[in-house]
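Visitor: Got a predicted model here, sequence first, then my questions.
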2 protein chains.
Amino acid sequence: MDLERSPLARPFPQMPAIDGAVLRVARARYKNWDRADLTFAELAEGTSVAGVFTKSACASSEVELGREQVKKGTARALIVNAGNSNAFTGIRGREAVEQIMAQVSDALGCRAEEVFVSSTGVIGVPLPKDKARAGIAAVLETQPCDWEEAASAIGTTDTFTKAAGASAMIGETRVELAGIIKGSGMIAPDMATMLGYIFTDAKVEPAFLQEMLSKANDATYSCITVDGDTSTSDTVLAFATGKAGNAALSSWKDVGADAFYAALLSVCRELAQLVVRDGEGAQKFIEIAVSGAADDASARRVGLSIANSPLVKTAIAGGDANWGRVVMAVGKAGEPADRDRLSIGFGGTWAARDGQPLADYDEAPVAKHLEGQDIRIDVDLGMGDGRAVVWTCDLTHGYISINADYRS
Amino acid sequence: MDLERSPLARPFPQMPAIDGAVLRVARARYKNWDRADLTFAELAEGTSVAGVFTKSACASSEVELGREQVKKGTARALIVNAGNSNAFTGIRGREAVEQIMAQVSDALGCRAEEVFVSSTGVIGVPLPKDKARAGIAAVLETQPCDWEEAASAIGTTDTFTKAAGASAMIGETRVELAGIIKGSGMIAPDMATMLGYIFTDAKVEPAFLQEMLSKANDATYSCITVDGDTSTSDTVLAFATGKAGNAALSSWKDVGADAFYAALLSVCRELAQLVVRDGEGAQKFIEIAVSGAADDASARRVGLSIANSPLVKTAIAGGDANWGRVVMAVGKAGEPADRDRLSIGFGGTWAARDGQPLADYDEAPVAKHLEGQDIRIDVDLGMGDGRAVVWTCDLTHGYISINADYRS
C-alpha cells in the first residue's frame, strides 16, 4: 500500500549538529523490504536521559524496560527497530529486547540499562532475534548518517520525514536541540505508533531534564490526537550529551533554564504537530483553543473531547461550521460546563455566545476560513481561568481507506 | 439527503396494545417537510413514570425539565417533536417547552409537570412556538394511530422504524410492554439523538419502575455506541398505566417482579440494538463480550473502549481479524489489565491467549465469520469475575459520507 504524501506535510528543516550524538542506520529487514529500518544513536559518556511513555496497560516490553531505565538517568545508546513493534509477544519479545541491550552494551562497554530500545510496526510477532543481531552488527560498522536518514529510518506508514531543531543560550553558551519523530496516527498498533527523540548538547541533570520533558509533554504530545487510539509503544526520549560546556542545569532557578525549556518546548510542539500533519487521511490541520475552563487540565480534557469527536472531525472535513457538534462534544467531556455560558467560534469569528447562536452571525468569513487547510476552533466555557490548546486533523474517507479497505 | 435502508434493519414486529396509552401523530412541519413530526401519547390517570437521560453537561431544556419531572413519579402525556432538537437555544427554547406543557395540561386537565416533552433535530434553533401550538391543537383532534405510525413520526435520520414488544405474568395477570425508539448514531446533535419510550399496562410503583429502568439501562442503552458521541437530548422514558389490574409491583420481592424486569430488559435490549443496527454507515453489527475484568463496570468500560476505537471498527469493516487493535483498545481503557493474561477471540475462535498469539491459530473460521453481518469479539482479561456485553457497528465510508460529504 503506497500512501500519498500528506497535503499538510512540511519540508525537512535545517538541523543543527549535536556534539556527543552520532547516528547510524542499517537494514535489518524486519519486514520484506529493502530500506533502512534499524537506527542507532551512540551517545557520549555522561549523557542524561528522560522519557515519557504510553499510559497503555498493555505496553510493549520496550516501554516496560524504558520506564525503569530512565529512572537511572544516563544513556549511551538508542536503538529503534521499524517494521515490528514487538508488542504483545510475551517472554520471547522481552528476550529480543534484552539481547539487543546486551549486544550494544558489550560493543560500547557500557551498562545494558544505558541502552534504550524502541520498536514500531506489526504487533504480536516477536522481534526476530537473528535479524536484530545481524542488524546491530552491521550498524556498528557503518558510517554515520544525517538527521534526515535517521528520521526516515524510524518511520513506518509516515508519508513524510519529520524533524525540528532549536537553539538556546545558557549563560554565554549556545546549546543546540535536534528532534526527530515518527507517527501518522497517535496510534495504530499496526504501524503508526508515535516515537520521538530529542538530542541536545546541553548539560542538564537527569531529574531536571525529566521535569522539563514531562512539562513539555503535557503541553504538546499529550495535546494531540488523530483518532483517540493510544499505541502500546508510544515513547518520547530526551538525551542531553553535555558536550556544549554550559554550567549544568539542575533547576528552574539556573541561568538559562527558562531559555532551554522554551527551546525544548518549541521542538516538542513542532514534532507533535508534524505527527498530526501526517494523520491518516488528514486534509486539514485543526487547532482547538479552550479558555474559561475550571482549570488547565479540565480545558485540555474538553479540547481532546472535541478533537476526538468523529462528528466534529467529519464536519470540518466537510467544511461545515457545525458548532452544534462542538456543543455536543463539550457536553460529553464530563468536565464542568454550563450550556448558557458557552461560546464557540471558528477562525476568529464567534458563531455562538453565552449559550445561544449569535443573532448577527455572519457565516461568510467562517465558510471562507473552513475552505483552508489550517482550521482554528475557539471555545470559551465561561467558567474560570483554565486554558489549553490541542491539535488534531479532520476525519476523511482517506482514514477509512487506510484502515479498512487495505489489509495489513 | 436520502439515506438507504440499513442492511442491518429488522422488520417491524408484532406489537401488543397497551391499555391506558393512546397514540396520535400530527404534522407540525418543524422542518420544510410533509410528514408527521409531532407525536402525542395520552396516558391514563395514575400512570407511573421513570426516566434515564443524557449525562451531557449541555443538555436541552427538555432534558433539564424531564430530570425533575420524573422525580414526581406520574405522567399523563408525552409529546415528541421531530426536526428540531431545541437544544442550545437558551430561554427561548425553555419557553417553547413550557408552552407545550401548559397547552397539553390545559387540554387534559392535569398538572403541567405530568406532561413530558422531547425534541430531536437541528440544534441551536428555538422550537417555533407557533408551529408547536398549532401542532398540539391538531394532534388533540386527530384519530389514534398504531405503534408503527408513532415510531415513524419520532424518527429523523433513521432508515427504518424501530419497536419491540414483550409480555410477562405478574401472578395470574398477563401484562404487556411496548417500546419505540429512534436514533441512528448514539448521537449527532444534528438529527440522530436517541429517544426511547416504553409503555406497559402493568401497575408499578414509580420508585421501583425507576429502579428497574436504571438497572436495564446499565445493561442496554449504556452498552451501545455508534461513534462515542453523546447527544444533548438522549432520553428513555418508561410509562406504566396500571390498567392490567395486577397487584402493584413495589420491590424485587413482589411476585412477578423478576418476570416483569426480564420483559422490560428484553424490550430495552432489542430497542438499544436496533439503534446500533441503524448506525450511520453501518454494514456490520458487532457484539463485544468482555469477561475476567476486575468488576462488571470495569468490563463495560473496556468493552466501550473497544467499541469506540476507530481502528477496531475500521478493521471489522475491512473483514480484518486485527486482534492487535483490540489489545491497543484494552490497553488505553484505563482499567486494570495485564498484557500477559489477555485473551482475544473472534466468532468463538481464540486468536491470542495469555498475552501471546496462539501457535496453532487457524484464521480460516475467523475470516469466514468476519464476512458475515453479525460479528462477535470475545475478550478475557484474566483478572477477575467482571463481565459485560456491549454493542456497536463498524466504521465505514458511509459514516464519512453522511457526516462530512453532505451539509445539514
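Guide: Happy to help now that I have it.
Visitor: Could I get the contacting residues of the spatially closest residue to A:Ala96 that is not a sequence neighbour?
Guide: Nearest residue to A:Ala96 in three dimensions, chain neighbours excluded: A:Leu127, at 4.0 Å (C-beta to C-beta, 6 or more residues apart in numbering or on different chains). For the C-beta atoms, the positions are set from N, CA and C on the backbone; glycine is no exception. For A:Leu127, the contact set (C-beta atoms under 8 Å, 6 or more residues apart in numbering or on different chains) comprises A:30, A:81, A:84, A:86, A:89, A:93, A:96-97, A:119.
Visitor: Closest one to B:Ala207 out of those residues, please.
Guide: Among those, A:Thr89 lies closest to B:Ala207 (C-beta to C-beta), at 53.1 Å.
Visitor: The closest one contacts A:Pro128, doesn't it?
Guide: No - assessed by C-beta atoms under 8 Å, A:Thr89 is found out of contact with A:Pro128, at 10.8 Å.
Visitor: Which one of the two is surrounded by more residues?
Guide: A:Thr89 (25 against 18; other C-beta atoms under 10 Å in any protein chain shown).
Visitor: how far away is the residue nearest to that one when sequence neighbours are not counted from A:Thr54?
Guide: Closest residue in space to A:Thr89, ignoring its immediate chain neighbours: A:Pro126 at 4.2 Å, by C-beta to C-beta, 6+ apart. Separation of A:Pro126 from A:Thr54 (C-beta to C-beta, to the nearest Å) stands at 19 Å.
Visitor: Give me the more crowded residue out of those two.
Guide: A:Thr54 (25 against 19).
Visitor: List the contacts of the more buried one.
Guide: A:63, A:230-235, B:331.
Visitor: Kindly recompute the last result at 10 Å.
Guide: A:60, A:63, A:67, A:87, A:186-187, A:193-194, A:230-236, B:328, B:331-332 (C-beta atoms under 10 Å, 6 or more residues apart in numbering or on different chains).
Visitor: hang on, A:Ser48 packs against A:Glu211?
Guide: No - with contact defined as C-beta atoms under 10 Å, A:Ser48 and A:Glu211 do not form a contacting pair (11.7 Å).
Visitor: Okay, now the unreliable bits of the stretch 51-200 of chain A?
Guide: Where the stretch 51-200 of chain A drops to pLDDT under 70, the residues are A:185-192.
Visitor: following the longest strand anywhere in chain A, which helix or strand shows up next?
Guide: Using DSSP state E, we find that the single longest strand of chain A is strand A:38-53. Once the chain leaves strand A:38-53, the next helix or strand it forms, by DSSP states H and E, is helix A:61-72.
Visitor: helices and strands around that following helix, which ones?
Guide: Applying 3 or more C-beta pairs under 10 Å, 6 or more residues apart in numbering or on different chains; DSSP states H and E, we find helix A:61-72 packed against strand A:38-53, strand A:74-84, helix A:90-108, strand A:115-122, helix A:206-219, strand A:235-240.
Visitor: in stretch A:48-55, what's buried?
Guide: Using 16 or more other C-beta atoms under 10 Å in any protein chain shown as the test for burial, stretch A:48-55 gives A:48-54.
Visitor: Likewise for stretch A:321-336?
Guide: So, applying 16+ other C-beta under 10 Å, buried residues of stretch A:321-336: A:321-333, A:335.
Visitor: first to last residue in that stretch, what's the distance?
Guide: 24 Å (C-alpha to C-alpha, to the nearest Å).
Visitor: Could you give the separation of that stretch from the chain centroid?
Guide: Computed by C-alpha atoms, centre = their mean, to the nearest Å, the chain-centroid distance of stretch A:321-336 equals 26 Å.
Visitor: Equivalent analysis for stretch A:198-212, please.
Guide: For stretch A:198-212, the distance to the chain centre is 18 Å (C-alpha atoms, centre = their mean).
Visitor: and if you look at stretch A:54-64?
Guide: Its chain's C-alpha centre and that of stretch A:54-64 lie 16 Å apart, by C-alpha atoms, centre = their mean.
Visitor: same check, this time on stretch A:393-408
Guide: 20 Å.
Visitor: Let me have the helices and strands packed on helix A:61-72 in TSV, adding distance to B:Arg5 as columns.
Guide: Formatted as TSV, the helices and strands packed on helix A:61-72 follow (distance: least, C-beta to C-beta, whole Å):
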stretch	distance to B:Arg5
strand A:38-53	47
strand A:74-84	44
helix A:90-108	46
strand A:115-122	38
helix A:206-219	47
strand A:235-240	47
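Visitor: wait, which of the ones you listed is closest to A:Thr142?
Guide: Between those, strand A:38-53 lies closest to A:Thr142; by C-beta to C-beta that is 8.4 Å.
Visitor: Any part of that closest one near chain B?
Guide: No - Strand A:38-53 does not reach chain B (C-beta under 10 Å from any C-beta of the partner chain); its nearest approach is 12.0 Å.
Visitor: partners of that strand in the sheet?
Guide: strand A:21-26 (antiparallel), strand A:74-84 (antiparallel), strand A:235-240 (antiparallel) (DSSP bridges).
Visitor: Who are the contact partners of A:Ala352?
Guide: A:323-324, A:326-327, A:342-345, A:358, A:361, B:88, B:90, B:123-124.
Visitor: Let me know the helix or strand that it is in.
Guide: Per DSSP H and E: strand A:349-353 holds A:Ala352.
Visitor: immediately after that strand, which helix or strand?
Guide: Next element after strand A:349-353 (DSSP H and E): strand A:356-357.
Visitor: still on that earlier bit, in a helix, the residue nearest to A:Ala96, correct?
Guide: No - A:Leu127: not assigned to a helix; according to DSSP: H, G, I helix; E, B strand; the rest coil it is coil.
Visitor: separation between it and A:Arg94?
Guide: The value you get for A:Leu127 to A:Arg94, if C-beta to C-beta is used, is 10 Å.
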